[in-house]
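Asker: structure for this input, please:
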Amino acid sequence: MHRTAMRFASFERVGAATLRTARLVFAVLLGAGSGAGPALGANALFHAVAPDTGTDPSLSPDGGFVVGAFPSGHFRWSASTGIVPLPILPHAVSTNGEVVVGFVTEAARWTEDEGATSLGDLSGGNAGGATDVTPDGARIVGYDISPRSVYQAFRWTANEGMVGLGHLPGGAGFGHANAVSADGAVIVGTSDGTRGQRVAFRWTAGAGMEDLGAPAGPFSSSFAHDVSQDGEVIVGLAYEVGHADAFRWTAAEGVQVLRSAPDPFSGAFMSASATNADGSIVVGHGGDSLSSAFLWDPDHGVRILADVLAGLGANVAGWQLGPATDVSASGQVIVGEGVAPDGTRQVWIARLCEQAGVDADGDGVTDECDVCPFSSDPDQQDTGGVGAGSLPDGVGDACQCGDVDGNGRATLADAVVIQRALLVPPTATMSAPELCDADGNGRCTAADAVVVRRALLRPPSARIRQACAPASP
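Answerer: Prediction:
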C-alpha cells in the first residue's frame, strides 16, 4: 500500500458482506455523481484537512487519521484531535493512529508513548525510510540505503528486526518496498533486474521476489505503489520515456492499463497511487503534470475526481485537485493534495456518504456528511475553521466551537469578545454564546479565550475541542 487502506484482518478487516455493501453503496453514489439522476441531499463532504497543510498525505485504513507534511513540519490529523506535530516525515499510519512510520534520516517508527525510534539498518548504513505499516502497527516495510548507496527493500517486526528482501534476479543496486498486504504476507515495490530497468515486484515468503511483468505497449519500467488487503490486486505506474500509464495487476489478468474510453486525460501521463480493500476502487492522478486526481472503478472506468465530487454535491469550487494519494478500506474516504481557492497548497479529504445513513439532527443530511451532525443545519454552511483566513474544514458554522461572534471562523476577535463579555459589567456581547466552550469543560470561562489564542499560533500550542453544546450529541 502506498499508505493506503488495505489492512489486517483482526484490526480493520472488511468482511465479504461488508465489502459487498460498500460496493453497492459506492456504485449508487458514483451513479448519482455521473448524471444518472439528481442526488438527494449531500452525498459527499470535501474540505481541507487543516490550515497550512501541504503535501504527501496518507490515510489510516478506516479513514479517520491523515498524516503528511506541511510547511513548518509534519503532522497527524483527525477530526477529534486536530493537528498533532510529528518528529518524523510520515508515510503511513495504523488504524488507531497510534503508530506512524516514515523517516528522519533512516527508517523510523513513532508512537505517542515512545516517540520516534529507529528501525535499524541492514548493512551499516544510516539512511532509508519506512513506507507502509499493517493496521496494528506490527509489520512495517520500506527501504534501506547502504554506505555504497545500494537500495534494498525490507520488512520489519519487533521480534525479527529489519530483514532484507534482496533484489530481482540480475539486480543488485535498487530495491524499494512501497506497500504491504493486511497480514504482512505480500509486499510490493520496485527493484532493478535482468532487463536493466526498475520494475514492479511482488514478494511472498514462499516465492520470494517476482517480476510483475509489463502491460502491452512500449513500457520498459514499472512501479508498484499499493496492494489490496488480501494481496490479490496491485496498482502502480508503467513507464517509458514520454509515456506513463496507471496499471492494475491480478494473477488472472496480469498487468492491465487503467486508461479507458473516453480518456479524460487525452493520452497524457497517469499514475495509480492506492486501492481499497478488495481492489475494486483505485485512485491516482494524471495529466501533463500528473496534477489532476482521478477515481477508477470497473463500472465507470477512469473519471476526474473533482467532477464526481461536484456531482455528489460537494463544494469543490475554486479547488485544483492534485494527486489523490490514498483511499480507505471501504473506498469511501479519499485524501490528496491540491491548490485551494486562496492559492495555497493544502491537503484535502473527501468522504462519500450513504444517502440512507443515520441523521441524528434530522436536517436531511446523514451524519457522515453533515458538517454539524448534532445541530440541525440544512444549509450546511462551512465558512472556515480556525484562523481569519481559514478554509472550510468540515466543521459547520453552527457548531464551530470558539466562534462566539458567529462569522464561521474561530479567530483572535473571538478571544477578545469572550474576555470582554466575561467582564463585570461586560463590554461586549457574544452573538453565539453556545459556541464559547473551546476547552470542552462545559463552561464558558476566560480559559476558553486562552485556548482560542493558542490554537491560532503556528504551530498551535493548544487545540479547540469540538465539545461545545452544538457539537455534542
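
Asker: for Ser78, give its distance to Gly336.
Answerer: As judged by C-beta to C-beta, to the nearest Å, Ser78 and Gly336 stand 17 Å apart. (Each C-beta comes from the backbone N, C-alpha and C, glycine too.)

Asker: could you find the closest non-adjacent residue to Gln380?
Answerer: Val371 (5.4 Å; C-beta to C-beta, 6 or more residues apart in numbering).

Asker: settle it for me: which of Ser78 and Gly336 has more neighbours?
Answerer: Using other C-beta atoms under 10 Å, the more surrounded residue of Ser78 and Gly336 is Gly336, with 26 against 16.

Asker: other SSEs contacting the host helix or strand of the more buried one?
Answerer: Using DSSP states H and E, Gly336 sits in strand 333-339. Counting contacts by 3 or more C-beta pairs under 8 Å, 6 or more residues apart in numbering; DSSP states H and E, strand 333-339 is packed against strand 55-59, strand 282-286, strand 292-297, strand 320-327, strand 345-352.

Asker: which helix or strand lies directly C-terminal to the first one?
Answerer: Looking back up the chat, that one is strand 55-59. Following strand 55-59 in sequence, per DSSP H and E, is strand 66-70.

Asker: direction included, what does the helix or strand just after that following strand pair against?
Answerer: Going down the chain from strand 66-70, the next helix or strand is strand 73-78, by DSSP H and E. The partner list of strand 73-78 in its sheet, established with DSSP bridges, is strand 66-70 (antiparallel), strand 82-86 (antiparallel).

Asker: could you dump these to JSON lines with mean pLDDT and distance to Arg259?
Answerer: Shown next, in JSON lines, are the strands paired with strand 73-78 (pLDDT from 0 to 100; distance: least, C-beta to C-beta, whole Å):
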{"stretch": "strand 66-70", "mean pLDDT": "90", "distance to Arg259": "28"}
{"stretch": "strand 82-86", "mean pLDDT": "87", "distance to Arg259": "36"}
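
Asker: how about those in TSV, adding mean neighbour count?
Answerer: Output for the strands paired with strand 73-78, formatted as TSV (neighbours: other C-beta atoms under 10 Å):
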stretch	mean neighbour count
strand 66-70	26
strand 82-86	18
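
Asker: Ala274: which of the ones you listed is closest?
Answerer: strand 66-70 (13.1 Å; C-beta to C-beta).

Asker: just want the angle from the closest one to strand 345-352.
Answerer: Strand 66-70 runs at 160 degrees relative to strand 345-352, counting by axes from the mean of the first three to the mean of the last three C-alpha atoms, to 10 degrees.

Asker: how close does the residue nearest to Gln380 sit to Ser60?
Answerer: 21 Å.

Asker: more neighbours: which of these two?
Answerer: Ser60 (31 against 23).

Asker: how close does the residue lying closest to Ser328 once chain neighbours are set aside get to Asn276?
Answerer: Leaving aside its sequence neighbours, Ser328 sits nearest to Gly63 (C-beta to C-beta, 6+ apart; 3.6 Å). Applying C-beta to C-beta, the value for Gly63 to Asn276 is 10 Å.

Asker: over to Thr344?
Answerer: To Asn276, Thr344 is 29 Å away according to C-beta to C-beta.

Asker: the more surrounded of these two?
Answerer: More neighbours surround Asn276 than the other of Thr344 and Asn276, with 31 against 16 (other C-beta under 10 Å).

Asker: secondary structure element holding the closest residue to that one other than its chain neighbours?
Answerer: Once flanking residues are discounted, Asn276 sits nearest to Gly331: 3.7 Å by C-beta to C-beta, 6+ apart. For Gly331, there is no helix or strand it lies in under DSSP H and E.

Asker: I'd assumed Gly279 was in contact with Gly331.
Answerer: No: applying C-beta atoms under 8 Å as the test, Gly331 and Gly279 come out as separate, 9.8 Å apart.

Asker: so which of those two has more stuff around it?
Answerer: Gly331 (29 against 23).

Asker: any idea how far Trp77 is from the residue nearest to Ser328?
Answerer: Taking C-beta to C-beta, one finds Gly63 at 12 Å from Trp77.

Asker: for Phe46, same thing?
Answerer: Phe46 is 15 Å from Trp77, by C-beta to C-beta.

Asker: before we move on, back to that, what residues does the strand holding Gly336 touch?
Answerer: 5, 49, 54-59, 63, 66, 68, 283, 285, 293, 295, 305, 319-328, 345-352 (C-beta atoms under 8 Å, 6 or more residues apart in numbering).

Asker: PyMOL command for the buried members of these?
Answerer: In PyMOL syntax, the buried subset of those is picked out as below (16 or more other C-beta atoms under 10 Å):
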select buried, resi 5+49+54+56+57+58+59+63+66+68+283+285+293+295+305+319+321+322+323+324+325+326+327+328+345+346+347+348+349+350+351+352
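
Asker: give me the element Phe223 is part of.
Answerer: strand 221-227.

Asker: okay, the helices and strands packed on strand 333-339 in JSON lines with distance to Gly124 and mean pLDDT next?
Answerer: What follows is the helices and strands packed on strand 333-339, written out as JSON lines (distance: least, C-beta to C-beta, whole Å; pLDDT from 0 to 100):
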{"stretch": "strand 55-59", "distance to Gly124": "29", "mean pLDDT": "90"}
{"stretch": "strand 282-286", "distance to Gly124": "37", "mean pLDDT": "96"}
{"stretch": "strand 292-297", "distance to Gly124": "41", "mean pLDDT": "95"}
{"stretch": "strand 320-327", "distance to Gly124": "33", "mean pLDDT": "95"}
{"stretch": "strand 345-352", "distance to Gly124": "36", "mean pLDDT": "92"}
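
Asker: Glu434 is nearest to which of those?
Answerer: strand 345-352 (26.0 Å).

Asker: now the angle from the closest one to strand 282-286?
Answerer: 140 degrees.

Asker: just checking: what are the partner strands of strand 345-352?
Answerer: Short version: by DSSP bridges, strand 345-352 pairs with strand 44-48 (antiparallel), strand 333-339 (antiparallel).

Asker: compute the inter-axis angle for the longest one and strand 292-297.
Answerer: Here strand 333-339 points in a direction 160 degrees away from that of strand 292-297 (the same axes, to 10 degrees).

Asker: pull the CA atoms of strand 333-339 into PDB?
Answerer: Extracted C-alpha coordinates of strand 333-339, given in PDB (Å, rounded to 0.1, in the frame of the first residue of the first chain):
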ATOM      1  CA  VAL A 333     -12.700   8.200   2.100                       C
ATOM      2  CA  ILE A 334     -10.100   9.700  -0.300                       C
ATOM      3  CA  VAL A 335      -7.200  12.000   0.600                       C
ATOM      4  CA  GLY A 336      -4.900  14.000  -1.600                       C
ATOM      5  CA  GLU A 337      -3.200  17.400  -2.100                       C
ATOM      6  CA  GLY A 338      -4.100  20.400  -4.300                       C
ATOM      7  CA  VAL A 339      -4.300  24.100  -4.600                       C
END
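
Asker: so, low pLDDT: which residues of the stretch 51-200 of the chain?
Answerer: In the predicted model of the stretch 51-200 of the chain, residues 51-53, 195-196 satisfy pLDDT under 70.

Asker: helices along that one, start to end?
Answerer: For the stretch 51-200 of the chain, helices defined by DSSP state H, counting those that start in this stretch do not occur.

Asker: list the buried residues of stretch 133-148.
Answerer: 133-146.

Asker: about what we covered before: surely the residue nearest to Ser328 touches Gln332?
Answerer: Yes: the pair Gly63 and Gln332 passes the contact test of C-beta under 8 Å, sitting 7.2 Å apart.

Asker: thank you, goodbye.
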